[in-house]
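A.B. asks: Next comes the sequence, and after it the predicted model I'd like to discuss.
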Amino acid sequence: MDIHVAIDAQTAAEDAADWVAAQVRNAVRRRGAASLALSGAARRR
């Protein structure tokens, strides 16, 4: 497992989005399709 530390929340979100996109692209390239399940979070008040 690799651990990455971002300088702020925005950078962390962008890095995470880039990683997820790369994983999905690789899955599609290897298998022709990919699935992604996301869980919702509580809304901030």
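C.D. replies: Sure thing, it's come through.
A.B. asks: Tell me which helix or strand the closest residue to residue 33 other than its chain neighbours sits in.
C.D. replies: For residue 33, ignoring the flanking residues on the chain, the nearest one in space by Cβ to Cβ, 6 or more residues apart in numbering is residue 27 at 7.6 Å. All C-beta atoms are positioned from the backbone trio N, CA, C, and that covers glycine. Residue 27 is part of helix 9-31, with elements assigned from DSSP states H and E.
A.B. asks: Contacts made by that helix with the rest, please.
C.D. replies: Residues outside helix 9-31 that contact it (Cβ atoms under 8 Å, 6 or more residues apart in numbering) are 4, 6, 33-34, 36.
A.B. asks: one more time with 7 Å
C.D. replies: 4, 6, 34, 36 (Cβ atoms under 7 Å, 6 or more residues apart in numbering).
A.B. asks: Not counting sequence-adjacent ones, nearest residue to the last one?
C.D. replies: This means residue 36. Nearest residue to residue 36 in three dimensions, chain neighbours excluded: residue 24, at 6.3 Å (Cβ to Cβ, 6+ apart).
A.B. asks: From residue 15, how far off is the one you found?
C.D. replies: If you measure residue 24 against residue 15 using Cβ to Cβ, to the nearest Å, the figure is 15 Å.
A.B. asks: returning to what we had before: any chance of the contacts of helix 9-31 in a markdown table, plus distance to residue 43 and secondary structure?
C.D. replies: Converted to a markdown table, the contacts of helix 9-31 look like this (distance: Cβ to Cβ, whole Å; DSSP: H, G, I helix; E, B strand; the rest coil):
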| residue | distance to residue 43 | secondary structure |
| --- | --- | --- |
| 4 | 27 | coil |
| 6 | 24 | coil |
| 34 | 28 | coil |
| 36 | 22 | coil |
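A.B. asks: Select, from these, the two members most distant in space.
C.D. replies: Distance extremes for the contacts of helix 9-31: the farthest pair is 6 and 34 at 24.8 Å, using Cβ to Cβ.
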